[in-house]
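fold the following.
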Amino acid sequence: MAAVEPSDVAGAESERLLRLVATALVRLSQLRTPADPVYPDVVQAAYNHLVLVCLRTGRPAPGSVPQLARWAAARPLADWWPYLLEDQHIGDLRLVDADTGAPAQECLEWAVFAPDPAAEQIENALLKEALTLCRAAKAPDSYTAFRRLLIERPVLTGVELALLSAYLDLSPLLDTVKRCYEPVTAAYVSHGQCTLCDGCGCLLVPLRDDGYACTLDRCRRRPVAVGERLKPGADGGLYLLTRPLRVFITGPGLAETDLERRLVALGLDVSMWPNFDAYDLRVVFPDGRAWGIDVKDRANPALLGGTTTALRGEPPYDRGLLVVPSYRFNERDGYREVFHHHLPEGVEGHVSLLTDEEVVRQAKSTLARSVRRTEPETARPARRIHRTTPKPQEGELDA
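Numbering: from 1, shown residues only. Have a look, this model is predicted:
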């Protein structure tokens, strides 16, 4: 007979198991050659734990690690998970993208479950390293150039990678930059060529029907935009930013730079990643008021809410904002409510959750008020006072 556990205990155990399984799938996707033992300890431990829970709850268990990976790609989580999933969105989740064979973004979010997902990945200890080097060199421009490179150039040739030494701003970080990229594998090659996504600049994954898929969530919501085709062996070979960096730096970074462009077009003063990435954008209005903005492109609002903290205080700002692309709200009903439900006590009131569209609208209205406050009285158009000539009283016209 299957064991029955209290719902709160089962919920906590389900969440812990989900993090274990997600971490195992991410680690499995990083393997390039067979290992000895065949699977890393984290993969085998997660599989063993899942099987034990399945036996305890009376649910069918995957017969092997490869079958677990196949289930994660082909079936929604609710079909095979040993615990009851009350969240419909989680129940519908496929942890592995069936088209590309890579862990879905939400799988990566569960795997890291931290305020800064990228910083929790082994590869992305490189971000902390970059910050340390730039602080030591007192070179904030170097850190800004580094972030822009990871956002705008997720694919480089070997020659382009070597030529980065000519950029003075990147000179303190050359070794770090090189370790952010890895050689392109055969998974991205079709008919002797690799193809860029015209939307994000990453490499598209060829599909069996000669189509393509992009691995970034932001590009999966519209038809594939096929960009430039590159020979994988030309110009010193092709190098691609590591997957966690693409998901947690390039993806939200494109949302950051899109927002920067739109706010600058309004005539606002925008600084990117100020004070060595205290937050993402600092926006200053004509009256001196400032907004501090952090941008997150996260699929799961519960994980985002549970790990949100107040923005760092330097440089100072009058209003702290957490901005998520509008498409996340469109795809997930109740995104804002779920986020606020999981927000830690004490954070509410220190940061406001907005979509990118809401930020731009509010910036326009705030800018208009700011301009009115800073205009000299003499520069303002005189108010027209309309006076109504009183109707003459009887007898006045004869006077």
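
ok, residue 251 - contacts?
105, 200, 216, 217, 218, 297 (Cβ atoms under 8 Å, 6 or more residues apart in numbering). Where you see a C-beta, it was placed from the backbone N, CA and C, and this is true even at glycine.

most widely separated two among those?
105 and 200 (13.0 Å; Cβ to Cβ).

now do the shared contacts for these two.
216, 251.

sorry, back to before: now the contacts of residue 251: which count as buried?
Buried by 16 or more other Cβ atoms under 10 Å: 105, 200, 216, 217, 218, 297, out of the contacts of residue 251.

quick check: phi and psi on the residue positioned nearest the centre of the chain?
Nearest to the mean C-alpha position of the chain, counting by Cα atoms, centre = their mean, stands residue 297 at 3.2 Å. Residue 297 has phi and psi values of phi -110, psi 80 when expressed as degrees, to the nearest 10.

my read: residue 339 touches residue 303, true?
No - using Cβ atoms under 8 Å, residue 339 is not in contact with residue 303; the gap is 9.6 Å.

need the residues touching each of those two.
Counting by Cβ under 8 Å, 6+ apart, nothing touches both residue 339 and residue 303.

as CSV, the contacts of residue 251 with pLDDT, secondary structure and distance to residue 324 would be great.
Formatted as CSV, those follow (pLDDT from 0 to 100; DSSP: H, G, I helix; E, B strand; the rest coil; distance: Cβ to Cβ, whole Å):
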residue, pLDDT, secondary structure, distance to residue 324
105, 91, helix, 13
200, 96, coil, 17
216, 93, coil, 15
217, 91, helix, 12
218, 92, helix, 12
297, 94, coil, 7
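
show the pLDDT at residue 101.
We have a pLDDT of 89 for residue 101.

count the neighbours of residue 306 for me.
Using other Cβ atoms under 10 Å, residue 306 has 15 other residues around it.

do the same with residue 23
21.

and if you look at residue 158?
Residue 158: 16 neighbours (other Cβ under 10 Å).

ok, it - contacts?
Residue 158 neighbours (Cβ under 8 Å, 6+ apart): 235, 236, 237, 238, 239.

the second one contacts residue 156, doesn't it?
So that's residue 236. No - Residue 236 is beyond contact range of residue 156, at 9.3 Å (criterion: Cβ under 8 Å).

please identify which of these two sits among more neighbours.
residue 156 (23 against 13).

can you tell me the closest non-neighbouring residue to that one?
Using Cβ to Cβ, 6 or more residues apart in numbering and skipping residues adjacent in sequence, the residue nearest residue 156 is residue 239, 5.1 Å away.

try residue 50
Nearest residue to residue 50 in three dimensions, chain neighbours excluded: residue 21, at 6.0 Å (Cβ to Cβ, 6+ apart).

buried residues in the stretch of helix or strand that neighbour belongs to?
Using DSSP states H and E, residue 21 sits in helix 7-29. Buried residues in helix 7-29, defined by neighbour count with 16+ other Cβ under 10 Å: 10-11, 14-15, 17-29.

name the helices or strands packed onto that helix?
helix 41-57, helix 65-74, helix 105-112 (3 or more Cβ pairs under 8 Å, 6 or more residues apart in numbering; DSSP states H and E).

which stretch in these is the model least sure about?
helix 105-112 (a mean of 87).

CA atoms only for that helix, dumped as PDB, please.
Extracted in PDB, the C-alpha atoms of helix 105-112 (Å, rounded to 0.1, in the frame of the first residue of the first chain):
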ATOM      1  CA  GLN A 105      14.800  27.200 -18.900                       C
ATOM      2  CA  GLU A 106      12.500  26.400 -16.000                       C
ATOM      3  CA  CYS A 107      14.500  23.200 -15.400                       C
ATOM      4  CA  LEU A 108      17.600  25.400 -15.000                       C
ATOM      5  CA  GLU A 109      15.700  27.700 -12.600                       C
ATOM      6  CA  TRP A 110      14.800  24.700 -10.400                       C
ATOM      7  CA  ALA A 111      18.300  23.400 -10.600                       C
ATOM      8  CA  VAL A 112      19.900  26.500  -9.200                       C
END
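
how close does residue 346 get to residue 302?
In this structure, residue 346 and residue 302 are 18 Å apart, going by Cβ to Cβ, to the nearest Å.

ok, how many other residues are close to residue 65?
Residues near residue 65, counting by other Cβ under 10 Å: 18.

remind me which residues of the stretch 101-250 of the chain are low pLDDT?
Along the stretch 101-250 of the chain, the parts satisfying pLDDT under 70 run over 112-124.

roughly how far apart are the residue nearest to residue 20 when sequence neighbours are not counted and residue 77?
Counting by Cβ to Cβ, 6+ apart, residue 20 lies nearest to residue 46, which is 4.2 Å off, once chain neighbours are set aside. Going from residue 46 to residue 77 by Cβ to Cβ gives 14 Å.

now do residue 245
For residue 245, the distance to residue 77 (Cβ to Cβ) stands at 26 Å.

which of these two has more neighbours?
Neighbours per residue, other Cβ under 10 Å: of residue 245 and residue 77, the larger number sits with residue 245, 24 against 20.
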